[in-house]
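Novice: pasting the sequence and the predicted model now:
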Amino acid sequence: KHKKAGRPLRRKMAQSVLSTMPGASTGTVVVKDPLNFWGGKRVTLGHEKNAEPVYEPATGRVMCQMVPCGAEEVDEAIKSAHSAYLIWRKMAGMERARVLLEAARIIRERRDNIAKLEVINNGKSITEALEDIDVSWHTIEYYAGLAGSLAGQHVQLPGGTFAYTRREPLGVCVGIGAWNYPFQIATWKSAPALACGNAMVFKPSPMTPVTAVILAEIYKEAGVPDGLFCVVQGGAETGTLLCHHPGVAKVSFTGSVPTGKKIMEMSSKGIKQVTLELGGKSPLIIFKDCELENAVKGALMANFLTQGQVCCNGTRVYVQRDIMPQFLEEVVKRTKTIPIGDPLLDDTRMGALISKPQLDKVLGYVSQAKKEGARVLCGGEPYIPSDPKLKGGYFMSPCVLDNCRDDMTCVKEEIFGPVMSVMPFNTEEEVIQRANNTTFGLASGVFTRDISRAHRVAENLEAGTCFINNYNISPVEVPFGGYKMSGFGRENGQVTMEYFSQLKTVIVEMGDVESLF
Ligand SMILES: NC(=O)C1=CN([C@@H]2O[C@H](COP(=O)(O)OP(=O)(O)OC[C@H]3O[C@@H](n4cnc5c(N)ncnc54)[C@H](O)[C@@H]3O)[C@@H](O)[C@H]2O)C=CC1
Ligand SMILES: C[N+](C)(C)CCCC(=O)O
């Protein structure tokens, strides 16, 4: 039994807050359940050291406390993951697949409640959160499908001798998540990791600690060995402990570029593999021969999902000069009608930003843009919904900026809020050069009816994804990840099985040893 300073850790299997979700509304939910999970159960830490309040973005109310895990707890979680790994790695891919499919089924069954809790903690609209949870079980289903086909090669060598390769798991992998897609990120990382036979210790963002542990419970219920998917809570310090831990084989990270650099640096000390999903400042290029209505819809999808807090957002919107007036008129008209408010209501399309500091930061970018000469066509202001319970929420009106230039701060830096910067361009050659003139390279988009142009532009854009005539759809079947400083490695798609496994070569001599000695 684990002891800490002579005091046993209090452990109990909590009645999940999920069961209270059906009747829950904004401003009412308090989460008391322990938020850590290892050894097959939720774990209450024996202390409340460095506890941080967790806010409900729509009301500004404290919904729970996040107590960060220290060295001992991180070590315990990693050990628990390792013991599960020893069992899981021996199972056939098809056996793992069956467990994963059951996890996907349970998520699907509980999607409404998980989505509600996600909304309460994150602030995004329920319509979006439901989609996020659907993507989550799709991801697990998809990787369950691939688990059974994980295989090596057979290679014939001279004299009957042969070799074969085995595709083996890496061991205990760490996942570190951001707050914008808390549950979905946990599945994007764990599903391929588990499908390949690894275990995972996942650390959510300290701002969104409540849904990853539900995923842990679901995996457990589906039948994974105890410890296979653990959740440790905490911020940078806990993350550092995870990255430095000698029992960890790989770190998969989603978050900002500065933190990504630190993750890579720390992982280098132990020669650990890393996948980095970092920020972006993606270009969306709209040619005059586009279907304007779709281009406008695409620009809204590229900028305003999850209150603009999306890494692959197309926030630099380049519009061919001839159609600029029509584009702006339509995009502004639609932006002004986006219903902002209680994120749990079905009609709401924009909820609250994640935190007060994030809201202030985004509003700061808008005022900086004005100082640098941009014109605010709409939004960019704090928004106070009429419902009194939302008065303390972190809302702002979605913003369209015109008169932008490539050298402005709002065009160069990742804002991570609902702010679209629009710039005119004249020629294809010019716009490609300008679109690529950034250190980021996560995504990109092009609207045109000219198919040759569409593929030429896609080829020439320096980004991990290019959307043609749409934006921000991300089916699990296709790889997602960055070029340049937006990171490396991929999530989703078949290729991610390679990022969570390694090859062993086995050489079999069928003759005698020809010794040189
Ligand atoms: N591109 C993206 O997907 C994201 C970008 N961001 C950007 O980053 C800004 C700051 O947001 P944060 O949530 O603070 O991002 P962050 O990159 O600092 O945090 C992401 C995750 O890394 C963890 N972390 C932080 N420092 C760490 C360290 N030294 N070692 C290990 N783990 C560490 C955090 O606890 C969190 O789980 C946002 O305003 C936004 O501009 C934030 C989240 C996602
Ligand atoms: C789902 N999608 C494509 C809108 C965003 C997913 C990437 C992220 O974690 O920001």
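Specialist: Structure received. Ligands and ions are numbered 1, 2, ... in the order given.
Novice: mind listing what the closest residue to residue 171 other than its chain neighbours touches?
Specialist: Nearest residue to residue 171, sequence neighbours excluded (C-beta to C-beta, 6 or more residues apart in numbering): residue 249, at 3.6 Å. C-betas here are computed from N, CA, C, even on glycine. Taking C-beta atoms under 8 Å, 6 or more residues apart in numbering, we find residue 249 in contact with 170, 171, 172, 173, 198, 272, 273.
Novice: got those residues as TSV, with pLDDT columns?
Specialist: Shown next, in TSV, are these (pLDDT from 0 to 100):
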residue	pLDDT
170	98
171	98
172	99
173	99
198	99
272	98
273	98
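Novice: out of these, which one sits closest to ligand 2?
Specialist: Nearest to ligand 2 among the contacts of residue 249 is residue 173, at 18.0 Å by C-beta to the nearest ligand atom.
Novice: how about the nearest residue to the closest one, chain neighbours excluded?
Specialist: With C-beta to C-beta, 6+ apart, the residue lying closest to residue 173 is residue 250, at 4.4 Å.
Novice: could I get the buried residue list for stretch 229-242?
Specialist: 229, 230, 231, 232, 233, 234, 238, 239, 241, 242 (16 or more other C-beta atoms under 10 Å).
Novice: stretch 389-406 now?
Specialist: 390, 392-404.
Novice: distance from it to the middle of the chain?
Specialist: Relative to its chain's centre, stretch 389-406 lies at 23 Å (C-alpha atoms, centre = their mean, to the nearest Å).
Novice: can you give me the end-to-end span of it?
Specialist: End-to-end distance for stretch 389-406: 40 Å, by C-alpha to C-alpha, to the nearest Å.
Novice: and the helices in the stretch 401-517 of the chain?
Specialist: Ranges of helices in the stretch 401-517 of the chain, per DSSP state H, counting those that start in this stretch, are 409-412, 428-436, 451-460, 496-499.
Novice: mind listing what's buried in the longest one?
Specialist: Of the residues in helix 451-460, those scored as buried under the neighbour-count criterion (16+ other C-beta under 10 Å) are 453, 454, 457, 458.
Novice: same deal with stretch 356-367?
Specialist: Counting neighbours by 16+ other C-beta under 10 Å, stretch 356-367 gives 358, 359, 362, 363, 365, 366 as buried.
Novice: among the buried residues of stretch 389-406, which one lies nearest to residue 440?
Specialist: Comparing those against residue 440 with C-beta to C-beta picks out residue 404 as the nearest, at 16.6 Å.
Novice: what is the neighbour count of the residue nearest to residue 173?
Specialist: Number of residues near residue 250 (other C-beta atoms under 10 Å) recorded here: 23.
Novice: residues from this protein in reach of ligand 2?
Specialist: 180, 181, 185, 254, 305, 310, 311, 312, 472, 474 (C-beta under 6 Å from any ligand atom).
Novice: how near is the third one to residue 305?
Specialist: When C-beta to C-beta, to the nearest Å is applied, the distance between residue 185 and residue 305 equals 15 Å.
Novice: quick one, which of those two is more surrounded?
Specialist: residue 185 (28 against 24).
Novice: so what does residue 254 look like in phi/psi?
Specialist: phi -120, psi 130 (degrees, to the nearest 10).
Novice: apart from its chain neighbours, what residue comes closest to residue 116?
Specialist: Per C-beta to C-beta, 6+ apart, closest to residue 116 is residue 21, 4.7 Å.
Novice: before we move on, back to that, got the buried residues of helix 451-460 as a markdown table, with pLDDT columns?
Specialist: Formatted as a markdown table, the buried residues of helix 451-460 follow (pLDDT from 0 to 100):
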| residue | pLDDT |
| --- | --- |
| 453 | 98 |
| 454 | 98 |
| 457 | 98 |
| 458 | 98 |
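Novice: pLDDT at the closest residue to ligand 1 within the stretch 401-517 of the chain, what is it?
Specialist: Proximity of the stretch 401-517 of the chain to ligand 1 (C-beta to the nearest ligand atom) peaks at residue 416, 3.5 Å away. Here, the pLDDT recorded for residue 416 equals 98.
Novice: skip the chain neighbours and tell me the closest residue to it.
Specialist: Using C-beta to C-beta, 6+ apart, the closest residue to residue 416 is residue 309 (5.0 Å).
Novice: ok so, going back, can you tell me which of the residues of the chain next to ligand 2 end up in strands?
Specialist: Judged by DSSP state E, these include residue 254 as members of strands.
Novice: closest to residue 354 out of the residues of the chain next to ligand 2?
Specialist: For the residues of the chain next to ligand 2, the nearest to residue 354 is residue 180 (7.3 Å; C-beta to C-beta).
Novice: now do the same contact list for the residue in the stretch 151-300 of the chain that ligand 2 sits nearest to.
Specialist: Residue nearest to ligand 2 within the stretch 151-300 of the chain (C-beta to the nearest ligand atom): residue 181, separated by 4.4 Å. Counting by C-beta under 8 Å, 6+ apart, residue 181 makes contact with 132, 188, 306.
Novice: how close does it get to ligand 1?
Specialist: 8 Å (C-beta to the nearest ligand atom, to the nearest Å).
Novice: for that residue, grab phi and psi.
Specialist: phi -130, psi 70.
Novice: one more: residue 43?
Specialist: Torsion angles, degrees, to the nearest 10, at residue 43: phi -120, psi 130.
Novice: tally of neighbours for it?
Specialist: 28.
Novice: ok, residue 223 next?
Specialist: The number of residues packed near residue 223 is 14, by other C-beta under 10 Å.
Novice: ok, the one 4 residues further on next?
Specialist: When neighbours are defined as other C-beta under 10 Å, residue 227 has 29 of them.
Novice: list the contacts of it.
Specialist: 38, 39, 40, 80, 81, 82, 83, 84, 199.
Novice: measure it to residue 84 for me?
Specialist: From residue 227 to residue 84 the distance is 4 Å (C-beta to C-beta).
Novice: what do the two both touch?
Specialist: In contact with both residue 227 and residue 84: residue 199, using C-beta under 8 Å, 6+ apart.
Novice: how close does the nearest residue to residue 25 once chain neighbours are set aside get to ligand 2?
Specialist: Among residues not flanking residue 25 along the chain, residue 344 sits closest, at 6.2 Å (C-beta to C-beta, 6+ apart). Relative to ligand 2, residue 344 is positioned 20 Å away (C-beta to the nearest ligand atom).
Novice: number of nearby residues for the residue lying closest to residue 298 once chain neighbours are set aside?
Specialist: Spatially, and ignoring its direct neighbours in sequence, residue 298 is nearest to residue 471 (4.5 Å; C-beta to C-beta, 6+ apart). In terms of burial, residue 471 registers 27 neighbours under the definition other C-beta under 10 Å.
Novice: tell me how far residue 471 lies from residue 310.
Specialist: 10 Å.
Novice: check contacts around the closest residue to ligand 1 within the stretch 1-150 of the chain.
Specialist: Going by C-beta to the nearest ligand atom, ligand 1 is nearest to residue 68 of the stretch 1-150 of the chain, at 9.2 Å. For residue 68, the contact set (C-beta under 8 Å, 6+ apart) comprises 49, 50, 52, 206, 233, 234, 235, 237, 238.
Novice: kindly give the local confidence score, pLDDT, for it.
Specialist: 98.
Novice: one step back: would you list the contacts of residue 181 in CSV and tack on pLDDT?
Specialist: CSV is the format used below for the contacts of residue 181 (pLDDT from 0 to 100):
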residue, pLDDT
132, 98
188, 98
306, 98
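Novice: quick one, domains of this structure?
Specialist: The record's domain parsing of the chain by the TED database lists 26-278, 283-479.
Novice: winner for burial among the ones you listed?
Specialist: Mean neighbour count (mean count of other C-beta atoms under 10 Å) peaks for domain 26-278 among those, with a mean of 21.
Novice: residues from the stretch 301-450 of the chain in reach of ligand 1?
Specialist: 311, 358, 414, 416.
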